[in-house]
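>>> requesting a structural model of the entry that follows:
(one chain, ligands or ions: 1)
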Amino acid sequence: MEILPKHPSVKGPAEMFTGDVYFDVIAKGEEPSRMRVNTVRFAPCARTAWHSHAVGQTLHVTEGVGLIQSRGGEITEIRPGETIYTPPGEWHWHGAAPDHFMTHIAMWEAPDSGPESEWGDLVTDEEYNNR
Ligand code: MN
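Here you go, the predicted structure:
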């Protein structure tokens, strides 16, 4: 076994995130593992763009208050201790509530081939505030 080196926190790029979002890579499995685990920290109002994951995604909220929405669904509040599963190919976004930070652990897997995630438009203020 080995204790892996700690990588620096990475700021989420503006094409994929609105507001201040930082992620820490916890695990990126080497073949044959396809495991991907990140801790993601969102400042109030910060959120992902619309996106989907080829093999689905599991989120586990560890701190704060967050929001999540699937395409065509309602915005739902998410809180520490809750686990949210998004199936393969389902378009969605996740982020912090307007007046709270939010941290979640994001877990997903790399597919056989092709991209792990597909990214679309940023979530507008109108979409974010529509609840
Ligand atoms: Mn996601």
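>>> make it CA atoms for all contacts and neighbour counts henceforth
Fine.
>>> what separates stretch 13-22 from the chain centre, distance-wise?
With C-alpha atoms, centre = their mean, to the nearest Å as the basis, stretch 13-22 stands 11 Å off its chain's centre.
>>> quick check: closest non-adjacent residue to residue 67.
Leaving aside its chain neighbours, residue 67 sits nearest to residue 77 (4.6 Å; criterion: C-alpha to C-alpha, 6 or more residues apart in numbering).
>>> confirm that the one you found sits in a strand.
Yes - counting by DSSP: H, G, I helix; E, B strand; the rest coil, residue 77 is found in a strand.
>>> count the residues that sit near residue 113.
Neighbour count for residue 113, taken as other C-alpha atoms under 10 Å: 7.
>>> spell out the secondary structure type for it.
Going by three-state DSSP: residue 113 is coil.
>>> how much space between it and residue 53?
13 Å (C-alpha to C-alpha, to the nearest Å).
>>> on that earlier part again, for the residue nearest to residue 67, list the residues it contacts.
Applying C-alpha atoms under 8 Å, 6 or more residues apart in numbering, we find residue 77 in contact with 65-68, 97.
>>> pLDDT at it, what is it?
For residue 77, the model assigns a pLDDT of 98.
>>> likewise the one 3 residues further on?
As summarised for this prediction, residue 80 has a pLDDT of 98.
>>> ok, now residue 44?
At residue 44, the pLDDT value in this model is 98.
>>> test my guess that it contacts residue 67.
No - with contacts defined as C-alpha atoms under 8 Å, residue 44 does not count as touching residue 67, sitting 10.6 Å away.
>>> please enumerate the shared neighbours of the two.
Joint contacts of residue 44 and residue 67 (C-alpha under 8 Å, 6+ apart) are 96-97.
>>> on that earlier part again, which two of the contacts of residue 77 lie the greatest distance from each other?
The distance between the two most remote of these (C-alpha to C-alpha) is 10.4 Å, for 65 and 68.
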